[in-house]
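In: sequence plus the predicted model coming up.
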Amino acid sequence: MKSIYIIILVTIQFSLIAQNTITGKITDKNTKETLIGTNIYIPEISKGTASDADGNFIIKNIPNGIFTINVSFLGYKNYIKKITFNNSNIKLDINLEQDALVSEEVVISGGRVSSQHHNAIKIESIPTKDISNSGNVNLMKSISKIPGVDVISKGTGVATPVIRGLSTSNILVLNNGIRIEDYQFSENHPYLVDEFGVDNIEVIKGPASLLYGSDAVGGVINFVKEKPAKQDKTTGDINLRYFSNSNGLVSNIGVKSTKNNLFWGIRLGEKSFEDYTDGSGAIVLNSRNTQYSAKAFVGLTKDFGIFRIFYDYNKMQLGLTIPPVIALTDGNSRKNKFWYQDLDNHLLYSKSTLFFNKLKTELNFSFQQNHRKLNSVETNPYFTVVDMTLTSINYEIKNQYQFTENTSMVFGLQGMNQNNKNTPAPGIVIPNYTTNDFSVLALFEQDIIKYLHLQIGARFNYRNILVPEKTYDIANQSFDKIDRTYNNLSYSVGGTYHLTKNILLRANFASAYRTPNVAELTQNGVHGNRFEKGNADLASQQSYEGDFSGHYHAKYVVFDLALFYNNINNYIYLSPSNDTTTTGMKIYQYQQINAALYGFETGIKVLPTKWLNITETYNNTTGIDQNNKFLPFIPQNKLKTSVNFLIKQKFVDNLNTEISNTYAFAQNNISQFESTTPKYSVFNFSVNADKKFAKFTVSASITANNIFNEVYFDHLSTLKDIGYYNIGRNIGFGLKFLF
């Protein structure tokens, strides 16, 4: 009987929710001219439109509640406003202010939809156009334009992100808010994600365990999906790119549609690269790789909620460039013949949001299966030497209660069940295991006064790791039984303060944690070109970081400065020991020590004229342990300069040319198994333009990376130790058709 009453109450609640409408007109603040084609978008319900020939717009079927209106147009400041809908038809005329230097955007990472200036930790955003025009063959490399962010690279196929000196299991990577679970315990394992169908990349620098749990010690990278088609529209695009250095071919095609309350989309993509050539002219043998992907989504918007289902499939074959393999390679090719990783990943997930006036409830569920094989040579008794499958089920129930437009609270629970299974193969990198997670969290935020915004939150997490039985691989290496439980508490307090109209100050203190992964607890065998031994006694890694930053934005100048200090207790690292195997191979073992990472990032953007944009950024990171020894994989300090020209003429639209330079200072602060890296300087060039026709638009681009063919090592290249330089000159050509 009680259940019937609940159903009746919910039905009454839904029946009281009206279908709101917002209409308005977009004009230039100074000239009062109407702006045609302005984008108006409500991210909470994935619904948007564009202003018509008279500057007018309308968005229908909006539930009751408080939602974010984001209005954007090239050359103007973004308009961001929280609006309360309550059985009403709202008219909102908007005057956009001209500003070529975009200072603020809407971001969805961090637990809720918000503007960048309302987050205690700054969330950087890279739009899809910057990704495609970067000229990088690897998606992860595109994020390195953000100061404080770099990548550990193994050729062109593997790029592991580094945020403020932390990487691998200390960085959490999300696919549209869903954790990517594909054996990220090694810098040699690529993330199975690509740029196809990505709207933008959001990067959180600093601890984010409060909202995301274990592994978010150094930060979070979220690949945000493309938006649905605008109201009552069907659109499509074809993307083609060619890269000269590795004879690389990249293509993808997508179609999406929105009709009434139903929206859907589908996208297919492919990448294929031969072995790349380094700056000295040497072919980096067996660095070839191929990748295929298929993506689809479908969604339904109702007056009481939005319901979405996504499916992503990625497959990758990645050659291994290691000394024993190089001797076997007999020429350049696209085809992987021997000693390559054969990877595929299925991700099926649903994201539902229910609106109850001031309460918004998110229900997110995901199923992910990652299959990883290491194939050797056909003459081996076992062609596949490693074969394992990781299955992860994640769930999340998150509530956001909006007390007023200026006060809200996020609270909820998250959980994960994960299982790894080895199939018959001679090598076992990590044993069969099961992981169970459960956590609860709460985040409160409020505008105390008009210009002061505060955030405070806490999270409790429970994790159990079970290796059910002692196992042996074909070489008789053993993996001990483990049953470990970890309980962790993390918290965060911070805020933003608008000192003046043009000056924003941001401060935050946060704790984060990372439980040791199964590889660190159990490994007992050869991985790559070294023997790695786990440590079953490892404790959770606990981080405490303080951040302070300032942001100045004027009409022609933007300046940023960010300082950070991250103290990490029980920092987990791999260290060479004094022991060797019976064959003489050195044994590396996982150990723990207290450590600290500190530094700063700064940048300035200047607009001397309407057609010239100059950007300069610099990052400085230092990592040391309690014995004042330097930590591994700390990137070189880098000074990055870009000069962008916007050329206006009648033949094409939005013609942009950019010249950029990365100057990396010498890295002499090295760990015990690293070597110093000299300075280097790399120049890049790009030009891109759009041309609009009656029913379609064509975008074309030319990129030239390392245009002067600099011969250099980056300190984070894992091919440095075997003598291969970073990629040489690489010319790229791109075409995009939108219809």
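Out: That came through, no problem.
In: can you classify residue 721 by secondary structure?
Out: helix (DSSP: H, G, I helix; E, B strand; the rest coil).
In: not counting its neighbours along the chain, what's nearest it?
Out: residue 675 (7.6 Å; CB to CB, 6 or more residues apart in numbering). Any C-beta I mention is one placed from the backbone N, CA and C, and that applies to glycine too.
In: give me the phi and psi angles of the one you found.
Out: Torsion angles at residue 675 (phi, psi; degrees, to the nearest 10) stand at phi -120, psi 160.
In: ok, residue 180 next?
Out: Note on residue 180: its backbone torsions stand at phi -80, psi 120 [degrees, to the nearest 10].
In: so how far is residue 350 from it?
Out: Remark: distance between residue 180 and residue 350 (CB to CB, to the nearest Å) = 17 Å.
In: how about residue 217?
Out: 29 Å.
In: all helices of the protein, in order?
Out: Listed in chain order, the helices of the chain (DSSP state H) span 2-15, 128-132, 209-212, 323-326, 518-522.
In: how is the protein carved up into domains?
Out: The chain breaks down by automatic domain parsing into domains covering 2-99, 130-738.
In: returning to that earlier point: residue 180 and residue 350: which has the busier surroundings?
Out: residue 180 (21 against 14; other CB atoms under 10 Å).
In: and the strands in the stretch 401-550 of the chain?
Out: 407-422, 433-449, 452-467, 471-472, 478-479, 482-498, 503-514, 524-527, 530-533, 541-553 (DSSP state E, counting those that start in this stretch).
In: show me the one of these that comes nearest residue 720.
Out: Nearest to residue 720, of all the strands of the stretch 401-550 of the chain, is strand 530-533, at 15.4 Å by CB to CB.
In: parallel or antiparallel, list what pairs with the closest one.
Out: strand 524-527 (antiparallel), strand 586-609 (parallel) (DSSP bridges).
In: could I get the ones you listed as CSV with mean neighbour count, mean pLDDT and distance to residue 460?
Out: Below are these laid out as CSV (neighbours: other CB atoms under 10 Å; pLDDT from 0 to 100; distance: least, CB to CB, whole Å):
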stretch, mean neighbour count, mean pLDDT, distance to residue 460
strand 524-527, 20, 78, 33
strand 586-609, 18, 92, 23
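In: including distance to residue 637, could the ones you listed go into JSON lines?
Out: As requested, the strands paired with strand 530-533 are exported to JSON lines (distance: least, CB to CB, whole Å):
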{"stretch": "strand 524-527", "distance to residue 637": "30"}
{"stretch": "strand 586-609", "distance to residue 637": "8"}
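In: compare those strands and give me the one nearest residue 306.
Out: strand 586-609 (35.8 Å).
In: what bridges to the most centrally placed residue in the chain?
Out: Per CA atoms, centre = their mean, the C-alpha nearest to the average position across the chain is that of residue 221, at 2.8 Å. For residue 221, the beta-bridge partners under DSSP bridges are residue 173, residue 203.
In: in this structure it contacts residue 176, no?
Out: No. Using CB atoms under 8 Å as the test, residue 221 is too far from residue 176 to be in contact (11.9 Å).
In: which parts of the stretch 551-700 of the chain are strands?
Out: Under DSSP E, counting those that start in this stretch, the stretch 551-700 of the chain gives strands at 557-580, 586-609, 612-625, 638-647, 653-664, 680-692, 697-705.
In: now stretch 484-495: buried residues?
Out: Buried residues in stretch 484-495, defined by neighbour count with 16 or more other CB atoms under 10 Å: 484, 486, 488, 490, 491, 492, 493, 494, 495.
In: I'd like to know which of those is nearest to residue 23.
Out: Distances from residue 23 to the buried residues of stretch 484-495, taken by CB to CB, are shortest for residue 495, at 35.2 Å.
In: contacting residues for the closest one?
Out: Each residue near residue 495 by CB atoms under 8 Å, 6 or more residues apart in numbering is listed here: 120, 452, 453, 454, 455, 506, 507, 508.
In: in stretch 610-623, what's buried?
Out: 613, 615, 617, 618, 619, 620, 621, 623.
In: list the beta-bridge partners for the fifth one.
Out: Going back to what we said before, that points to residue 619. residue 601, residue 638.
In: hmm, residue 393 is touching residue 435, no?
Out: No. Judged on CB under 8 Å, residue 393 makes no contact with residue 435 at a distance of 10.8 Å.
In: what about the two, which has more around it?
Out: More crowded of residue 393 and residue 435, by other CB under 10 Å: residue 435, with 20 against 15.
In: for the more buried one, give me its contacts.
Out: Contacts of residue 435 by CB under 8 Å, 6+ apart are 416, 417, 418, 419, 463, 464, 465, 466, 518.
In: then residue 173?
Out: Residue 173 touches 161, 179, 180, 184, 191, 193, 220, 221, 222, 223, counting by CB under 8 Å, 6+ apart.
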